[in-house]
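Visitor: Model the following, please.
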Amino acid sequence: MLAVEKLDLFYGDAQALDGVSLDVPEGAIVAIVGANGAGKTSLIRAIAGMLRPARGAILWKGRDIAGQPSHVVCNLGVGQVAEGRQVFPTLSVRENLLMGSLLPRAKARRAQNLERMYALFPRLKERHDQAAGTLSGGEQQMLAIARCLMGEPELVMFDEPSLGLSPAMVQQVLATVADLNKSGLTCVLVEQNVAVSLRLASQAYVLENGRVTLSGPGVELLEDDRVRQAYLGL
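Guide: Next up, the predicted model:
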């Protein structure tokens with residue numbers, strides 16, 4: 001469904017991504033792990049159309065979308081749940097969700113999708129008139145996911161979805177990602193909880209200093225001594 005081929009990305013003279021290649025099969029969960037500053041968020045933003053790569057290709061169903069503006073990428077079916085949730089704090093839960101349905105691909109089914117989100121996330125229905133900024137961190141993360149789903153994406157990139165959440169809420173959020181995948185959503189997961197993300201992922205990539213240094217099935221990387229020492233403290 002998505003293929004990244006030899007992607008180079010720079011911030012001025014500093015190179016953030018160096019020849020990054022990866023594949024995301026339809027229906028899979030693909031994990032991207034690495035230390036802070038490894039290039040994970042840069043990769044997500046490049047795929048989403050927020051950053052323009054210097055070289056390389058980003059193929060969405062065979063079409064090169066590298067350098068396309070983000071609204072075009074979104075309307076093709078590539079969604080993003082950004083790091084830090086990024087809800088509109090002064091808008092209500094309902095208004096935040098409706099903002100997610102402004103894409104041409106989703107406008108016609110706005111009402112149906114809103115009801116679907118309330119069924120998926122009953123807590124959001126309870127708080128539909130409440131300002132998003134007054135929600136708990138976990139509730140805001142659920143809102144960010146639901147807002148993304150309002151755009152009817154076929155693939156969603158989750159950038160650190162458990163960041164800053166309680167352990168119980170971390171499990172709930174990652175269980176939500178797994179459930180969405182089981183319902184047919186293709187997922188790219190960038191997650192600080194390396195052990196859990198590798199267990200969830202059918203395929204995983206390790207980024208170090210902007211380069212892919214390891215790749216393979218998630219369960220295999222979980223047993224790799226280099227991964228265990230670097231990210232699991234084992």
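
Visitor: Can you say which helix or strand has the closest residue to residue 166 other than its chain neighbours in it?
Guide: Leaving aside its sequence neighbours, residue 166 sits nearest to residue 138 (Cβ to Cβ, 6 or more residues apart in numbering; 7.0 Å). Where you see a C-beta, it was placed from the backbone N, CA and C, and this is true even at glycine. Using DSSP states H and E, residue 138 sits within helix 137-149.

Visitor: Please enumerate the strands of this protein.
Guide: 2-11, 14-24, 29-33, 55-60, 63-64, 78-81, 155-159, 186-190, 203-208, 211-216 (DSSP state E).

Visitor: Give me the angle between the third one and strand 155-159.
Guide: For the pair strand 29-33 and strand 155-159, the angle between their directions (axes from the mean of the first three to the mean of the last three Cα atoms, to 10 degrees) equals 30 degrees.

Visitor: what's near enough to touch the closest residue to residue 4 other than its chain neighbours?
Guide: Spatial nearest neighbour of residue 4, chain neighbours left out: residue 22 (5.0 Å); criterion: Cβ to Cβ, 6+ apart. By Cβ atoms under 8 Å, 6 or more residues apart in numbering, residue 22 lies in contact with 3, 4, 30, 32, 205, 212, 215.

Visitor: try 10 Å
Guide: 2-5, 7, 30, 32, 43, 47, 188, 203-205, 207, 212, 215 (Cβ atoms under 10 Å, 6 or more residues apart in numbering).

Visitor: Quick check: of those residues, which has the highest neighbour count?
Guide: Each of the contacts of residue 22 was scored for neighbours by other Cβ atoms under 10 Å, and residue 43 scores highest at 30 neighbours.

Visitor: Make sure it is actually in contact with residue 80.
Guide: No: using Cβ atoms under 10 Å, residue 43 is not in contact with residue 80, being 11.6 Å away.

Visitor: Give me the common contacts of these two.
Guide: In contact with both residue 43 and residue 80: 157, 159, 188, using Cβ under 10 Å, 6+ apart.

Visitor: Now tell me which of the residues you listed the prediction trusts least.
Guide: Lowest pLDDT among these: residue 159, with 93.

Visitor: Now do it: how many residues are near it, please.
Guide: Residue 159 has 22 nearby residues by other Cβ under 10 Å.

Visitor: Tell me what it is bridged to.
Guide: Using DSSP bridges, the bridge partners assigned to residue 159 are residue 190.

Visitor: before we move on, back to that, let me know the angle separating the helix holding residue 138 from strand 155-159.
Guide: Using the same axes, to 10 degrees: helix 137-149 against strand 155-159 is 150 degrees.

Visitor: what's the weakest-modelled helix or strand in this protein?
Guide: Within the chain, confidence by mean pLDDT, DSSP states H and E is lowest for helix 225-231 among all helices and strands, at a mean of 88.

Visitor: for the chain, which helix is longest?
Guide: Counting by DSSP state H, the longest helix found in the chain is helix 167-182.

Visitor: Buried by neighbour count: which residues of that one qualify?
Guide: For helix 167-182, a neighbour-count test (16 or more other Cβ atoms under 10 Å) marks 169, 170, 173, 174, 176, 177, 180, 181 as buried.

Visitor: where does the chain have low pLDDT?
Guide: 234 (pLDDT under 70).
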